[in-house]
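Undergrad: okay, sequence plus prediction incoming.
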Amino acid sequence: MVSVEIDLPSPPTAATVASVIKRGEICIQTTLHRTHLGLTISVKVHPTVEDFIRNLGSGETQDVRIMGRHWQPIGTKPLEVWNLASNPGRLQTDDGSYFRIDVPGYPLLNPGGGRPDGEGDPVPTVGRGDLNLSFLRLVGASEGAGVEFGVKGVYTLDQCRQIRDRIVGSARRFYVNYLQPVDMTVMVSTQEINPSL
């Protein structure tokens, strides 16, 4: 069973929490905190999520700043992601929207088409409105309090809510598609054929 929890602070502030919970354990938790400097994102995942992400590649890491310039480390520890051996591309949620895990360092929501930063070669392509869920690839997201990073930009309260809501649906779909335990049985049986036919 997967449940979704959205914690709306009272009185309302710009910090909200979106969590995906499996069997009573928090599987993916993301906190957004808006300031005049942009968004601060805190990501905490269950160790099985980070193990899964690490196994999508060779186990090597890359500095986020090599890939995109919108994410900033908070503190002195470098911001690194697990590499991917193959690109899963755009992944669809239950509501028909899309998310990606292959564009770390880029904005959380891409308002246009083509390259998220609007410069150079149109690769990697992020579709209009795709959510960038690449922060699930952050090294250390399952350790201690997780990983915290900053995202450059100006965000309205409505944009923060939209990002939060999209994270909930996308993280849930990611968990269900890739991590939720599944048992399937395939059975082939024969039927006796009437020899008089």
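TA: Alright, I've got the coordinates.
Undergrad: dump the lengthiest strand in the chain to PDB, restricted to CA.
TA: Secondary structure of the chain per DSSP state E: the longest strand is strand 25-35. Listed next in PDB are the C-alpha coordinates belonging to strand 25-35 (Å, rounded to 0.1, in the frame of the first residue of the first chain):
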ATOM      1  CA  GLU A  25       7.600   3.800   6.400                       C
ATOM      2  CA  ILE A  26       8.400   7.100   4.600                       C
ATOM      3  CA  CYS A  27       9.800   6.100   1.200                       C
ATOM      4  CA  ILE A  28      10.300   9.500  -0.300                       C
ATOM      5  CA  GLN A  29      10.000  12.800   1.600                       C
ATOM      6  CA  THR A  30      10.600  16.200   0.000                       C
ATOM      7  CA  THR A  31      10.400  19.600   1.700                       C
ATOM      8  CA  LEU A  32      10.300  22.900  -0.200                       C
ATOM      9  CA  HIS A  33      11.200  26.100   1.600                       C
ATOM     10  CA  ARG A  34      10.900  29.400  -0.300                       C
ATOM     11  CA  THR A  35      13.100  32.400   0.500                       C
END
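Undergrad: and that strand, what's buried?
TA: Going by neighbour count (16 or more other CB atoms under 10 Å), the buried part of strand 25-35 is Cys27, Ile28, Gln29, Thr30, Thr31, Leu32, His33, Arg34. C-beta here means a position set from N, CA and C on the backbone, and glycine is covered the same way.
Undergrad: would you confirm that the third one contacts Val45?
TA: Meaning Gln29. Yes: between Gln29 and Val45 there is a contact under CB atoms under 8 Å: 7.5 Å.
Undergrad: which residues do the two both contact?
TA: Gly146 (CB atoms under 8 Å, 6 or more residues apart in numbering).
Undergrad: using CSV, lay out the buried residues of strand 25-35 together with distance to Ser189 and pLDDT.
TA: Listed next are the buried residues of strand 25-35 as CSV, based on distance: CB to CB, whole Å; pLDDT from 0 to 100:
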residue, distance to Ser189, pLDDT
Cys27, 38, 88
Ile28, 41, 91
Gln29, 45, 92
Thr30, 47, 93
Thr31, 52, 93
Leu32, 52, 93
His33, 57, 93
Arg34, 59, 90
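Undergrad: Ile53: which of these is nearest?
TA: Ile28 (11.0 Å; CB to CB).
Undergrad: list the contacts for the closest one?
TA: Ile28 neighbours (CB under 8 Å, 6+ apart): Ser19, Val20, Val43, Lys44, Val45, His46, Val49, Leu136, Ala171, Phe174, Tyr175.
Undergrad: out of these, which are inside helices?
TA: Val49, Ala171, Phe174, Tyr175 (DSSP state H).
Undergrad: gap between the last one and Gly150?
TA: What that stands for is Tyr175. Separation of Tyr175 from Gly150 (CB to CB, to the nearest Å): 25 Å.
Undergrad: comparing the two, which residue is more hemmed in?
TA: A side-by-side neighbour count of Tyr175 and Gly150, using other CB atoms under 10 Å, places Tyr175 first with 22 against 18.
Undergrad: sounds good, over and out.
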